[in-house]
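>>> Sequence plus the predicted model coming up.
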Amino acid sequence: MDGIAARILLAAGLDTRELLGGYEYWVRNGFPTESGGAVTRQAPDPLVTAEA
């Protein structure tokens, strides 16, 4: 997603994040993923996020 799309989604009130590393960094940041109807979430990797 480019910066313009992120700004449009933010303006629409959606929780939007732009991750330059793509899916791998989404998972490593501890954000939820869904597969086969099950939602999972890993602990954030301290090397890629400041969130605890």
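That came through fine.
>>> which sections of the chain are below the confidence cut-off?
With pLDDT under 70 as the threshold, the chain has low-confidence stretches at 1-2, 50-52.
>>> would you list every one of the helices in it?
Secondary structure of the chain, counting by DSSP state H: helices at 3-11, 22-28.
>>> Off-centre distance for the last one?
Average the C-alpha atoms of helix 22-28, do the same for its chain, and the two points are 7 Å apart (Cα atoms, centre = their mean, to the nearest Å).
>>> For it, buried residues please.
Within helix 22-28, the residues scored as buried using 16 or more other Cβ atoms under 10 Å are Val27, Arg28. Placement of C-beta: from N, CA and C, glycine included.
>>> picking up where we left off before, the helices of the chain into a markdown table, with extra columns for distance to Thr40?
Formatted as a markdown table, these follow (distance: least, Cβ to Cβ, whole Å):
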| stretch | distance to Thr40 |
| --- | --- |
| helix 3-11 | 24 |
| helix 22-28 | 9 |
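>>> Tell me which of the ones you listed lies nearest to Ala38.
Ala38 sits nearest to helix 22-28 of all those, at 14.5 Å, using Cβ to Cβ.
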